[in-house]
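[1] below is the structure, and that's it, no one-letter string:
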């Protein structure tokens with residue numbers, strides 16, 4: 001799988017030719033018999049997210065872009081996100097408050113509320129959100145960032161908010177197939193809501209390219225396709241070089257993670273995995 005914009009362009013074009021247009025997650029309701037959500041986790045490089053947003057807009061697609069809060073500290077990023085919103089895309093919060101608070105739910109609530117306010121003050125009203133996964137965290141007393149919206153008191157605080165990886169399915173009374181480019185290869189994820197609790201990787205179904213993935217997207221089905229825009233590139237050569245660097249870093253990280261001291265160090269600096 002090579003993540004280049006040309007391939008995403010072809011994918012979006014083919015979908016339109018088959019009369020399949022994506023909608024933001026916030027527009028999904030229990031009354032929709034079919035839908036496609038193009039979901040994007042924006043962890044770095046808003047410019048790349050804008051590039052994908054423009055491609056989708058060209059073919060009438062509207063996606064959901066979940067943005068990490070630290071990216072909202074840059075006026076340039078905010079302007080690009082506003083441009084994306086003007087195209088009809090959903091701009092929302094890609095949170096990691098359980099990791100940053102080391103599992104302290106009360107601290108996590110304060111951080112989430114602070115960041116939610118920042119999004120809203122910049123004109124981005126939140127309807128759906130998405131947790132950030134982090135492979136380098138040493139977690140004690142909690143499983144992942146999904147535990148935030150698994151918490152009943154949090155759901156009571158935000159009755160109008162749905163985490164797409166936790167309570168979106170139950171809130172919208174819908175079901176769907178979930179595809180993700182996690183691991184730099186698109187896969188049908190067997191159990192997207194609980195794969196942080198139970199390892200079901202052996203049941204995931206891989207797709208070698210976007211052409212094959214496109215063939216399984218049916219006009220009558222319900223789908224969410226998740227990408228990480230920072231992994232996409234303008235050319236195959238650039239992508240392959242970055243992919244080599246990624247694989248090297250991944251191997252080193254796994255080796256370091258086996259060392260108790262380094263495991264705690266990498267857990268302390270939880271943000272390191274945002275760019276991997």
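    That came through, no problem. A quick note: this is a predicted structure, and the numbers were derived from the prediction, not measured.
[2] tell me which element the residue nearest the centre of the chain falls in.
    Central residue of the chain (Cα atoms, centre = their mean): residue 41, 3.0 Å from the mean position. For residue 41, the host element (DSSP states H and E) is strand 35-42.
[3] parallel or antiparallel, which strands does that strand pair with?
    strand 64-67 (parallel), strand 222-227 (parallel) (DSSP bridges).
[4] save those as a markdown table, and put in mean neighbour count and mean pLDDT too.
    (Each C-beta comes from the backbone N, C-alpha and C, glycine too.) Below are these laid out as a markdown table (neighbours: other Cβ atoms under 10 Å; pLDDT from 0 to 100):
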| stretch | mean neighbour count | mean pLDDT |
| --- | --- | --- |
| strand 64-67 | 27 | 98 |
| strand 222-227 | 22 | 97 |
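[5] take those strands and write them to TSV, including distance to residue 238.
    Formatted as TSV, the strands paired with strand 35-42 follow (distance: least, Cβ to Cβ, whole Å):
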stretch	distance to residue 238
strand 64-67	22
strand 222-227	17
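[6] for the ones you listed, which one sits closest to residue 213?
    Taking Cβ to Cβ, strand 222-227 is the member of those nearest to residue 213, at 7.6 Å.
[7] which residues are contacting the closest one?
    With contact meaning Cβ atoms under 8 Å, 6 or more residues apart in numbering, strand 222-227 is reached by 25, 32-41, 52, 164, 174-182, 186, 213, 217.
[8] just the buried residues from those residues, in PyMOL please.
    This is the PyMOL syntax for the buried subset of those, where burial follows 16 or more other Cβ atoms under 10 Å:
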select buried, resi 25+35+36+37+38+39+40+41+52+164+174+176+177+178+179+180+181+182+186+213+217
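[9] helix, strand or coil for residue 141?
    coil (DSSP: H, G, I helix; E, B strand; the rest coil).
[10] and for it, nearest residue in space, chain neighbours not counted?
    Residue nearest to residue 141 in three dimensions, not counting chain neighbours: residue 103, with 4.7 Å by Cβ to Cβ, 6 or more residues apart in numbering.
[11] over to residue 177?
    residue 223 (5.2 Å).
[12] quick one: the strands in the stretch 1-150 of the chain?
    Assigned by DSSP state E, counting those that start in this stretch, the stretch 1-150 of the chain shows strands spanning 35-42, 64-67, 90-95, 128-131.
[13] buried stuff in the last one?
    Right, the one you point to is strand 128-131. Quick answer for strand 128-131 (16+ other Cβ under 10 Å): 128, 129, 130, 131.
[14] residue contacts, the second one?
    I take that to be residue 129. Contacts of residue 129 by Cβ under 8 Å, 6+ apart are 66, 92, 93, 94, 95, 149, 161, 162, 163, 164.
[15] what's around the third one, how many residues?
    Right, the one you point to is residue 93. 26 (other Cβ atoms under 10 Å).
[16] bridged to the residue lying closest to it once chain neighbours are set aside, which residues?
    In this structure, residue 93 finds its nearest non-sequential neighbour in residue 129, 4.7 Å apart by Cβ to Cβ, 6+ apart. With DSSP bridges as the criterion, residue 129 is bridged to residue 163.
[17] so, low pLDDT: which residues of the chain?
    1, 135-136, 243, 246-247, 249-276 (pLDDT under 70).
[18] confirm that residue 238 sits in a helix.
    Yes - counting by three-state DSSP, residue 238 is found in a helix.
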